[in-house]
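Novice: Mind looking at a prediction? Sequence and model below.
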Amino acid sequence: ISVLSSYIHLQNVFNWSNFSCLLDLSCVSNMPSLVTLDACHNEISNFFEFQPPKNLKEVKFSHNRMTKMKDLGEYLSLCKLDLDYNSFSEISGLQQCCKLTHLSLAHNKISRISDLDSLPLKHLCLRGNQLEKIEGLENLKSLQVLDLSLNRIASLSGLQNLHMLGLINLEKNQISEIQECKHIYNLSSLRDLSLVGNPVVYSALMPLDYYLSTQVASVNKYDPPLEVVAAREHMTHLVYQLMQPQVLFDSTLPSADSPYPMLVLTGPQGCGKRELAHRLCQEFSEYFAYGICHTTRQPYFGEENGIDYHFVSEEDFKDMVHMGKFIQTMSYGGHSYGLSREAIEQVAQEGLASCVHMELEGVFSLKNTYFEPRYILLIPTQLEKYRDHLTGRGLYTAVQIDAAVSRVELYANTNRQRPGFFDNVIACGTELNYFLAFVALWELISSRRISNLTHNKHAVSASLAATGHEPEDKPLSPVSRSGKEILASPSLNALDPSNPSYRSYFTRIQAELSSHKTPAVSGCSKSDTNSTEVEF
Ligand SMILES: Nc1ncnc2c1ncn2[C@@H]1O[C@H](COP(=O)(O)OP(=O)(O)OP(=O)(O)O)[C@@H](O)[C@H]1O
């Protein structure tokens with residue numbers, strides 16, 4: 001090999017790998033222009049024993065017999081260093097490598113991460129070593145990919161400040177506690193985490209794993225889009241939930257054919273969605289029950305605990321968050337609101353679908369969950385009338401009214417820019433509109449529109465047949481009492497979970513709600529209501 005010493009202008013050295021017999025690289029001292037050095041699969045035992053080529057950027061020494069690292073302060077251009085499959089037991093001598101972005105020391109004998117402080121590392125691989133802790137990485141602010149698989153690590157502590165990390169491989173370690181997830185749940189760039197082969201019940205971590213792998217990586221820190229806020233919020237609840245002993249919510253478990261049915265009425269504050277939700281649940285008591293949210297605000301006059309909301313203190317609300325009780329939460333007007341898993345489950349246990357109301361942020365959050373509700377947007381079309389309506393309620397300050405009115409555009413925009421985001425849009429906000437909105441909603445639920453909503457007549461007919469009800473073709477008039485005429489109401493027995501017909505009754509509601517989406521606008525359309533102000 002010494003013959004190469006005379007090639008002083010050699011820029012790349014190819015295929016020194018697999019020579020098998022190469023013992024030292026002293027000849028490299030005569031190649032000051034070398035950029036890449038590949039000497040994998042040889043018998044080299046000394047480490048960088050040659051004069052440093054000024055532009056040496058990439059070095060591959062994997063599968064050799066090296067045991068000890070030395071100070072590489074003179075190799076200032078080094079960007080990538082591959083030292084896999086050697087016998088190093090300590091990381092040292094790299095502190096001056098101010099351009100080193102990729103370091104791989106897989107399959108060595110390293111038991112402690114050291115000497116990496118302040119390096120501009122983006123990729124670090126320490127797979128197949130003897131590490132028991134994640135340490136010494138706190139200052140690697142540029143780190144994006146970290147492979148610590150095949151070690152003996154039991155805790156995720158040490159990762160919490162690595163905000164650029166997008167991928168972490170921790171396969172085949174000793175992580176046994178779900179609580180360990182708390183160390184990574186605020187890593188906003190993380191999109192891929194692998195924990196396969198750890199003693200922790202892996203199935204319990206799968207939702208987190210799945211979530212991370214589908215999450216959009218980039219996060220705008222200062223003005224995050226609604227999806228990003230919702231994704232973070234969803235992850236917080238998911239992690240808190242995973243940290244608790246796992247409870248099986250039987251009635252809302254996602255089933256293979258159709259998810260648990262839910263109807264979500266959304267729209268700006270005071271647009272009438274709460275009244276509509278209550279009325280809908282009265283009219284269609286065979287199908288829907290009101291999903292009661294928690295809130296930290298004080299009850300208004302006439303509101304009842306356990307009917308309109310569960311009114312709780314800030315402290316209790318926080319406790320519930322930490323106990324992983326919520327599916328989603330939102331802060332509105334200085335108060336917290338949240339929909340708990342138990343609220344939904346209680347309704348589901350009665351064999352009914354949940355009807356809830358919430359602001360837009362709640363909808364974004366719910367879209368991250370395994371529920372697949374139908375979303376109906378109730379939007380005031382005449383802003384001044386909406387403002388008068390809010391003022392007339394006597395509940396809000398001028399600032400609160402301005403805030404609510406200004407959010408109408410947010411809803412309208414969301415509907416315009418995201419066709420299909422809402423399953424239906426209904427105009428509302430004045431007394432007349434409120435009545436029309438109810439009729440539209442009523443029609444939507446009670447008439448053939450529900451089977452139009454479904455696009456799944458087979459499922460509906462099959463489930464009707466299963467309960468002995470014939471599907472009816474005639475549309476119903478809004479003045480008739482709804483549910484009974486569409487589908488004869490179930491006997492009391494049918495609502496008893498121990499009765500075999502209970503499940504098929506439940507399936508029937510599921511089939512009706514868990515359908516394909518309708519066009520975005522229906523019910524009282526803009527032209528129905530003579531609106532001139534809000535384009536939606
Ligand atoms: N879990 C939740 N997530 C998101 N938003 C929620 C949630 N629960 C309630 N909200 C919404 O928060 C807003 C404030 O609720 P609040 O009950 O204080 O309003 P309101 O003045 O009674 O008006 P509304 O008649 O619209 O409920 C409402 O738009 C309500 O729908």
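Specialist: Nice, I can see it.
Novice: I'd like the distance between the residue in the stretch 101-250 of the chain that the ligand sits nearest to and Glu227.
Specialist: The minimum distance from the stretch 101-250 of the chain to the ligand, using CB to the nearest ligand atom, falls at Glu233 (10.2 Å). Every residue, glycine included, has its C-beta placed from N, CA and C. For Glu233, the distance to Glu227 (CB to CB, to the nearest Å) stands at 11 Å.
Novice: Comparing those two, which shows the higher neighbour count?
Specialist: Between Glu233 and Glu227, Glu233 has the larger neighbour count (other CB atoms under 10 Å), namely 20 against 14.
Novice: Around the ligand, which positions in the stretch 401-536 of the chain sit nearby?
Specialist: On the criterion CB under 6 Å from any ligand atom, the ligand has no neighbours in the stretch 401-536 of the chain.
Novice: Quick check: the residue of the stretch 401-536 of the chain nearest the ligand.
Specialist: For the stretch 401-536 of the chain, CB to the nearest ligand atom, closest residue to the ligand: Ala404, 8.0 Å.
Novice: Around Thr397, count how many other residues there are.
Specialist: Quick note: Thr397 (other CB under 10 Å) scores 9 neighbours.
Novice: distance of Val264 from Tyr396?
Specialist: In terms of CB to CB, Val264 sits 23 Å off from Tyr396.
Novice: of these two, who's got more company?
Specialist: For Val264 versus Tyr396, the count of surrounding residues by other CB under 10 Å is larger for Val264: 24 against 16.
Novice: what's near enough to touch the more buried one?
Specialist: Cys355, Val356, His357, Met358, Gly362, Val363, Leu366, Pro373, Arg374, Tyr375, Ile376 (CB atoms under 8 Å, 6 or more residues apart in numbering).
Novice: Make sure the last one is indeed in a strand.
Specialist: Looking back up the chat, that one is Ile376. Yes - Ile376 forms part of a strand when assessed by DSSP: H, G, I helix; E, B strand; the rest coil.
Novice: Need the nearest residue in space to it, chain neighbours excluded.
Specialist: Of all residues not flanking Ile376 in the chain, Asn424 sits nearest, at 4.8 Å (CB to CB, 6 or more residues apart in numbering).
Novice: Tell me the predicted confidence for the one you found.
Specialist: We have a pLDDT of 85 for Asn424.
Novice: isn't it right up against Leu378?
Specialist: No - counting by CB atoms under 8 Å, Asn424 does not reach Leu378; the two are 9.5 Å apart.
Novice: Those two: which has the busier surroundings?
Specialist: Each of Asn424 and Leu378 has its neighbours counted (other CB under 10 Å); Leu378 has more, 29 against 21.
Novice: Skip the chain neighbours and tell me the closest residue to the more buried one.
Specialist: Computed as CB to CB, 6+ apart, the closest residue to Leu378 that is not its neighbour in sequence is Gly267, at 3.7 Å.
Novice: can you map out the strands along the stretch 101-250 of the chain?
Specialist: Along the stretch 101-250 of the chain, counting by DSSP state E, counting those that start in this stretch, strands occupy 102-104, 123-125, 145-147, 167-169, 192-194.
Novice: Cys271 touches Ala427, doesn't it?
Specialist: No - counting by CB under 8 Å, Cys271 does not reach Ala427; the two are 9.9 Å apart.
Novice: overlap in contacts of the two?
Specialist: Contacts common to Cys271 and Ala427, judged by CB under 8 Å, 6+ apart, are Leu378, Ile379, Pro380.
Novice: from what I can see the last one touches Cys428, true?
Specialist: Yes - counting by CB under 8 Å, a contact exists between Pro380 and Cys428, whose distance comes to 6.2 Å.
Novice: which one of the two has more residues nearby?
Specialist: Taking neighbours as other CB under 10 Å, Pro380 and Cys428 compare with Pro380 leading, 33 against 30.
Novice: Could I get the phi/psi values of that one?
Specialist: Note on Pro380: backbone dihedrals following degrees, to the nearest 10 are phi -70, psi 130.
Novice: still on that earlier bit, apart from its neighbours in sequence, what residue is nearest the residue of the stretch 101-250 of the chain closest to the ligand?
Specialist: Among residues not flanking Glu233 along the chain, Ser365 sits closest, at 5.5 Å (CB to CB, 6+ apart).
Novice: give me every residue that touches the one you found.
Specialist: Neighbouring residues of Ser365 by CB under 8 Å, 6+ apart: Ala230, Glu233, His234, Ile327, Gln328, Thr329, Met330.
Novice: Is the fifth one part of a helix or strand, or is it coil?
Specialist: For Gln328, the secondary structure call by three-state DSSP comes out as strand.
Novice: count of neighbours near it?
Specialist: Gln328 is flanked by 24 other residues according to other CB under 10 Å.
Novice: So what pairs up with it in the strands?
Specialist: Leu339 (DSSP bridges).
Novice: Which pLDDT value belongs to it?
Specialist: With respect to pLDDT, Gln328 scores 94.
Novice: From Ile91, how far off is it?
Specialist: Noted for Gln328: a distance of 44 Å to Ile91, by CB to CB.
Novice: if we can go back for a sec, the residue nearest to Leu378 against Arg274, yeah?
Specialist: No - contact criterion CB under 8 Å: Gly267 and Arg274 do not qualify, at 9.9 Å.
Novice: So the two - more neighbours on which side?
Specialist: Counted by other CB under 10 Å, Gly267 and Arg274 do not tie: Gly267 has more neighbours, with 28 against 19.
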